[in-house]
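Enquirer: any chance you could fold what I've pasted below:
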Amino acid sequence: QVQLVESGGGLVQAGGSLRLSCAASRRSFGTYAMGWFRQAPGKEREFVASINWSGNEIDYTDSVKGRFTISRDNAKNTVYLQMMALKPEDTAVYYCAGSNVGQIDGPAGFVYWGQGTQVTVSS
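Expert: Residues are numbered from 1 along each chain as shown. Coordinates of the predicted model:
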């Protein structure tokens with residue numbers, strides 16, 4: 001049973017920063033790729049970022065490049081999403097995602113999901 005628990009969401013003004021954390025209860029966490037997705041009201045869930053098992057291969061959706069940073073601490077079974085220069089359009093529920101592979105090949109490879117954490121950016 002894989003459990004992913006997000007934390008760190010909240011309300012922030014435009015231009016501000018937040019750091020999301022995702023704690024995973026999973027054996028051999030360090031061998032699997034992880035990711036972050038988000039879903040805004042009335043929209044489909046979209047890919048935000050992914051990181052491979054070792055942290056040396058990272059991918060971002062274009063809209064967050066240069067502002068968001070995904071990272072992981074395998075010793076703590078945790079993946080992070082540092083979000084800077086936040087914009088109102090970043091407002092969404094953010095979901096942590098887990099896979100069963102070390103190298104992810106596209107968003108479809110994620111099969112485990114957290115419950116989500118709300119991020120609201122005011123203008």
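Enquirer: ok, D90 - contacts?
Expert: R38, V64, M83, V119, V121 (CB atoms under 8 Å, 6 or more residues apart in numbering). All C-beta atoms are positioned from the backbone trio N, CA, C, and that covers glycine.
Enquirer: quick one: the first one and E46 touch, right?
Expert: The one in question is R38. Yes - assessed by CB atoms under 8 Å, R38 is found in contact with E46 at 6.0 Å.
Enquirer: the more surrounded of these two?
Expert: R38 (23 against 13; other CB atoms under 10 Å).
Enquirer: so that one bridges to which residues?
Expert: E46, Y94 (DSSP bridges).
Enquirer: L20 and W53, how far apart?
Expert: 20 Å (CB to CB, to the nearest Å).
Enquirer: looking at these two, which has the bigger crowd around it?
Expert: Legend: neighbour count by other CB under 10 Å for L20 and W53, higher for L20 (25 against 20).
Enquirer: what's the helix or strand hosting that one packed up against?
Expert: Element membership for L20, per DSSP states H and E: strand 18-25. The helices and strands touching strand 18-25, judged by 3 or more CB pairs under 8 Å, 6 or more residues apart in numbering; DSSP states H and E, are strand 3-7, strand 34-39, strand 78-83, strand 92-99, strand 117-122.
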